[in-house]
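> just need the structure, nothing else, for what follows:
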Amino acid sequence: MTFMAYKEAPFNAIKGQRTHANYNMAPSIAVPVAQPRRPAKAANQEQEEEKVLRRRNEELEEELKKSQDREERMRRELERARERLRVAEEAEERLCSQLGELEAEAVDQARQYNNRIVSLMNQLSQAHRLIQPGPTPVPT
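From the prediction side, this is the model:
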């Protein structure tokens, strides 16, 4: 076997040696294995699904934006309601204070009125005693 013949001889992987050139081996050609192609229908279906998902994503983003806007409006409305509540509570405190003052004044006026009635009744009793004829006292 010449040097060239040795070089061209196929390699025996099992024994780790080159085989004889006359050994009958079929020539092989490396053919790259192609990725299985998806049928056009499957590719179109996948594109449609992707479009549907994108559209759904856009819808969800729009709903999220609307929800955030609604939440912000509700937050502002809540702040306004809290402010109205604070004002109403302050007004209630003022009214309760004024009512307490008016009640105290009414009690004072009722006492004065009652004292005046008692005084007038005493005067009337005294006037009746003076007017009524009764036994005249004997002068001594």
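
> output the longest helix belonging to the protein.
The longest helix of the chain (DSSP state H) is helix 40-131.

> tell me where the model's unsure across the chain.
Applying pLDDT under 70 to the chain flags the ranges 1-39, 134-140.

> try it again with 50
Applying pLDDT under 50 to the chain flags the ranges 1-9.

> can you give me phi and psi for residue 132?
Torsion angles at residue 132 (phi, psi; degrees, to the nearest 10) stand at phi -70, psi 130.

> my guess is residue 133 is in a helix, correct?
No. Using DSSP: H, G, I helix; E, B strand; the rest coil, the assignment for residue 133 is coil, not a helix.

> tally of neighbours for it?
Burial of residue 133 is recorded as 5 neighbouring residues (other CB atoms under 10 Å). Every residue, glycine included, has its C-beta placed from N, CA and C.

> what do you get for residue 108?
For residue 108, the tally of surrounding residues (other CB under 10 Å) stands at 10.

> with residue 74 instead?
Residues near residue 74, counting by other CB under 10 Å: 10.

> report the contact partners of it.
If you count contacts by CB atoms under 8 Å, 6 or more residues apart in numbering, residue 74 has none.

> state the distance from it to residue 67.
Separation of residue 74 from residue 67 (CB to CB, to the nearest Å) stands at 10 Å.

> and what of residue 50?
From residue 50 across to residue 67, the span is 25 Å (CB to CB).

> number of residues surrounding residue 42?
Every residue meeting other CB under 10 Å relative to residue 42 is counted, giving 10.

> repeat for residue 87
10.

> same question, residue 45
12.

> burial count for residue 76?
10.

> ditto for residue 77
Residue 77, neighbours per other CB under 10 Å, totals 10.
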